[in-house]
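> Dropping the sequence and predicted coords here.
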Amino acid sequence: MIKLTDITRSFSNGDETVIALNKVSLEIRENEFVAIMGSSGSGKSTLMNVLGCLDTPNSGSYFLNNEDVASMKDEYLSDIRNKHIGFIFQTFHLLPKLDVCENIKLPLRYSDVDESEATTRSETLIERVGLSHRKHHKPFEMSGGQRQRVAIARALINRPSVILADEPTGNLDSKTSVDIMNLLTELHKAGQTIVMVTHEDEIAEYAQRVIVMRDGEIIEERKN
């Protein structure tokens, strides 16, 4: 599903050039659950941005579902993001004035799905993540774990090829973290491909494969 070959990404910092990714090559199969780990500055966040088509590499190739996205222009990348990628963020990124159902439907505003179908999908996902009793609540009326469940449902609304989860338990307590990881595990068992960035070993243990980065390079890969 995902194939990166010799991906390089550098940034200018005054007179200095910082190499965030140094010829990174990586393959992720359909229905795989992969964790990416590394200390601050290791390149894992830049790699996630490239995978999510939020950033473009300086060189190298990136194929997503057999489409070469590394060289696509912004308008095409936006379409790829909307159709193929679901995002889960550490800070949830929910709109405070919208209720649960409305937040989940947001990505469908940029698709050809009509309102009736959007509502049906949203309500199905609300039930799937265990929030039927909260569907008309606003984000400030819910706990962190409940807000992350809303974010997971929102990531699924477009039926994406892959979910990219950036520190999905970073703002949660240990018990709630287990609940969220159990939910992601259920999604994976149901066929969802998941790529997750985390700095926590116990969270990475939920993945099938762990990729460790340092100084913009993959230094280790292991199976759980």
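Great, that's in hand. Numbering: from 1, shown residues only.
> For the protein, which segments count as helices?
Using DSSP state H, the helices of the chain run over residues 44-51, 74-84, 100-105, 115-128, 144-156, 174-189, 201-204.
> Now do the same contact list for the closest residue in space to residue 148 that isn't next to it in sequence.
Once flanking residues are discounted, residue 148 sits nearest to residue 180: 5.4 Å by C-beta to C-beta, 6 or more residues apart in numbering. Where you see a C-beta, it was placed from the backbone N, CA and C, and this is true even at glycine. Taking C-beta atoms under 8 Å, 6 or more residues apart in numbering as the criterion, residue 180 is in contact with 145, 148-149, 152, 168-169, 172.
> between the residues you listed, which is nearest residue 201?
Distance to residue 201 across the contacts of residue 180 (C-beta to C-beta) is lowest for residue 169, with 12.3 Å.
> circling back: pipe the helices of the chain into TSV and attach distance to residue 61 and mean pLDDT per row.
Formatted as TSV, the helices of the chain follow (distance: least, C-beta to C-beta, whole Å; pLDDT from 0 to 100):
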stretch	distance to residue 61	mean pLDDT
helix 44-51	11	94
helix 74-84	15	86
helix 100-105	34	95
helix 115-128	33	94
helix 144-156	26	95
helix 174-189	27	95
helix 201-204	27	95
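> okay, which residue is most central for this structure?
residue 164 (1.6 Å; C-alpha atoms, centre = their mean).
> beta partners of that residue?
Per DSSP bridges, the residues bridged to residue 164 are residue 87, residue 195.
> can I get the helices of the chain in TSV with distance to residue 58?
Below are these laid out as TSV (distance: least, C-beta to C-beta, whole Å):
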stretch	distance to residue 58
helix 44-51	10
helix 74-84	16
helix 100-105	35
helix 115-128	37
helix 144-156	28
helix 174-189	32
helix 201-204	28
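> Could I get the buried residue list for stretch 99-111?
Across stretch 99-111, burial judged by 16 or more other C-beta atoms under 10 Å covers 99-108.
> now do the same end-to-end measure for that stretch.
20 Å (C-alpha to C-alpha, to the nearest Å).
> same question, stretch 126-133
Taking C-alpha to C-alpha as the measure, stretch 126-133 stretches 9 Å from start to finish.
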